[in-house]
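# no letters, just coordinates:
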């Protein structure tokens, strides 16, 4: 199994990427890696090139680049070369910490989507208070517009992913909506509710409201990309602001508060750890012919390591082909009717 | 000026309502109140009936009632009677802590909307880190579906409200979207962006992402009710969970942590206070012929007091007629063209 790695994306490239990949290489002996990027910079951090090869390129896509344009004009960028190697079946999967929009474009236009999936979806793992497994939410922004059938396909793929990678036997699939009753929502979500209720092979538990995303009421939450994007960013924004203000309150209120802060610090670190989902890896672009994973731009080497584990689990379980087979059987049943 | 009060809605009715109203009555001598609800229960808390009259009714709408049905079948409920008195111009505004959906229905079907406003919107005030004035977000759920013109009308009304009630000269109006660039979003938000860019009399600052709602980048954020609902609930859910887990971490990690927690408690209370928007009152149902305000079901008497202040400011400034006049002038201009 070979993983194509965009070694130049993210805030701390290529260092954290090389370190994470080396750790993963040492852990799983049946994995090989191809690192795309600046050879000199990569070699600066690479300690042992066992099962790790480098394809040199000077070009890279920046976080500020316009996604589709970047993919088309920067044909020799580390991201585009990695995607092309997956397309050419020289690699089985791809990992990048770079520009999310560009990776979406590379995934869709270069790697290509599964025939039966109308639109690929971006699926991160968010923390929940009652389980280390977190919750997978899709789509969080690969698509600005959605149809009910997209949500159905995402539910199926999310369910297969949760079974294969998170080892949940019957993943609870929720639909993000503006109320829990089944007649809630706009036309899109009402129709999606009906479709999901009649989808074979998934454990659909009904509507979920976004104040319950983090409370672990579902293993997978399906949403249109526009709403999912808003809910994800509101969650992240609120957590970031609260933790920042908490830190500020503890460190800027005189000596005694600071002393108290030092005492409670280990307990509050536990709180931070609860919200740390790095062990879940990165966000999957589901619906493509091969696993394409986006790890956070600020990811550390540990997250890179876990992202490789995530890809490894998807490859071992043949997660993508399972979705493919599911949709083929569904289509056949529809035709037989 | 007379305010019709649904004295039976909310978790702590009628006590907190009576207490808040009495405090407001003492503060603003040109205000009168009619309390709709159980006379015996109300009188138990009412100390002085100066400028406060009671209209007795046994019927009340519960939090669990189906909104539209409740409004139609419970014709003598405290909420419906209060709405009817506004409709009959016996009162100038209405306040309730009860069932949000039922209040929306009562507002739309009984009080009635301004002719030029296609759909009323629900607008709460959310806290921001850099100002006590907070940010007004609308619509957060009165409508599951939206058109670009709705968002335009909401922007105008939100702007007038922020000027009148929050005393901001040129309120910054943002459009909640999935990116800050002007070509972002689905068809609805792209068209809304164009409309808002060409709307006279508002200070449109462009797109805002939901991770910045609480950071104070705008004074008013306009959004369709489905996305607004998701963003609001994600914000509330994340804040609730984080504060709860923080408390848990501080109180359940042994003696020393508890001691430390006692030391930092005052500083953390400051953090809680920052997220307290009770001084902003309740959520306004904008687009109706009179102010209809929903205070939180768990509101205390202080919040009820500030909700009266909010209504008082809207009445003093003739906020609703300003919107009416604005739309009439716009229509006239369109006809003149």
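Structure's in. What do you need? Values in this document were obtained by computation on a predicted structure and should not be read as measured data.
# going by C-alpha atoms from here, please, whenever you check contacts or count neighbours.
Fine.
# need the residues that contact the helix or strand containing residue A:271.
Using DSSP states H and E, residue A:271 maps to helix A:254-274. For helix A:254-274, contacts defined as Cα atoms under 8 Å, 6 or more residues apart in numbering or on different chains pick out A:127-129, A:132, A:250-252, B:245-246, B:249-250, B:253, B:256-264, B:267.
# ok, stretch A:233-243 next?
So stretch A:233-243 is contacted by B:129, B:209-215, B:231-232, B:234-235, B:238-239, B:242 (Cα under 8 Å, 6+ apart).
# now for those: which two are most distant?
B:209 and B:242 (21.1 Å; Cα to Cα).
# picking that back up, out of the contacts of helix A:254-274, which are buried?
A:127-129, A:132, A:250-251, B:245-246, B:249-250, B:257-261, B:263-264, B:267 (16 or more other Cα atoms under 10 Å in any protein chain shown).
# how about the strands in the stretch 101-250 of chain A?
A:121-123, A:125-128, A:131-138, A:172-176, A:203-208, A:220-222 (DSSP state E, counting those that start in this stretch).
# which of those strands sits closest to chain B?
Among the strands of the stretch 101-250 of chain A, the nearest to chain B by Cα to the nearest Cα is strand A:172-176 (8.3 Å).
# neighbouring strands of that closest one in the sheet, and parallel or not?
strand A:203-208 (parallel), strand A:220-222 (parallel) (DSSP bridges).
# mean confidence score for it?
If you average the pLDDT over strand A:172-176, you get 98.
# who in the stretch 101-250 of chain A is up against chain B?
When proximity is defined by Cα under 8 Å from any Cα of the partner chain, the stretch 101-250 of chain A lies next to chain B at A:129, A:141, A:144-145, A:177-178, A:185-187, A:209-215, A:226-227, A:229-239, A:241-242, A:245-246, A:249-250.
# if any of those residues are buried, give me the ChimeraX selection for them.
In ChimeraX, a selection of the buried entries from these looks like this (16+ other Cα under 10 Å):
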select /A:129,141,144,177,178,185,186,209,210,211,212,213,214,215,226,227,229,230,231,232,233,234,235,236,237,238,239,241,242,245,246,249,250
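# okay, and which of the residues of the stretch 101-250 of chain A next to chain B map to helices?
Judged by DSSP state H, helices contain the following of these: A:187, A:226-227, A:229-239, A:241-242, A:245-246, A:249-250.
# roughly how far does residue A:249 sit from residue A:320?
47 Å (Cα to Cα, to the nearest Å).
# how far does the helix or strand hosting residue A:85 sit from its chain's centre?
Residue A:85 is part of helix A:78-87 when elements are defined by DSSP H and E. Taking Cα atoms, centre = their mean, to the nearest Å, one finds helix A:78-87 lying 18 Å from the centre of the chain it belongs to.
# in that helix, which residues are buried?
Buried, per 16+ other Cα under 10 Å, within helix A:78-87: A:78-87.
# and that helix, what does it pack against?
strand A:2-6, strand A:32-37, strand A:93-96, helix A:100-106 (3 or more Cα pairs under 8 Å, 6 or more residues apart in numbering or on different chains; DSSP states H and E).
# at 7 Å what do you get?
Counting contacts by 3 or more Cα pairs under 7 Å, 6 or more residues apart in numbering or on different chains; DSSP states H and E, helix A:78-87 is packed against strand A:2-6, strand A:32-37, strand A:93-96.
# can you list contacts of that helix?
Residues outside helix A:78-87 that contact it (Cα atoms under 7 Å, 6 or more residues apart in numbering or on different chains): A:4-8, A:36-37, A:57, A:59-60, A:71, A:91-94, A:106-107, A:110-111.
# for residue A:190, see how far away residue A:149 is.
Counting by Cα to Cα - residue A:149 and residue A:190 are separated by 12 Å.
# just the strands of the stretch 101-250 of chain A: most buried one?
The highest mean neighbour count among the strands of the stretch 101-250 of chain A, using mean count of other Cα atoms under 10 Å in any protein chain shown, belongs to strand A:220-222: a mean of 30.
# got the angle between the helix holding residue A:271 and helix B:254-274?
Inter-element angle recorded for helix A:254-274 and helix B:254-274: 90 degrees (by axes from the mean of the first three to the mean of the last three Cα atoms, to 10 degrees).
# relative to helix B:225-251, how tilted is helix A:254-274?
Going by the same axes, to 10 degrees, helix A:254-274 makes 120 degrees with helix B:225-251.
# tell me the first helix or strand C-terminal of helix A:254-274.
Next along the chain from helix A:254-274, counting by DSSP H and E, comes strand A:283-286.
# pairing partners for that next one, with directions?
With DSSP bridges as the test, strand A:283-286 pairs up with strand A:121-123 (antiparallel), strand A:292-294 (antiparallel).
# can you list contacts of that strand?
Contacts of strand A:283-286 (Cα under 7 Å, 6+ apart): A:120-125, A:292-295.
# quick revisit: quick one, which of the helices and strands packed on helix A:78-87 is nearest to chain B?
strand A:93-96 (21.1 Å).
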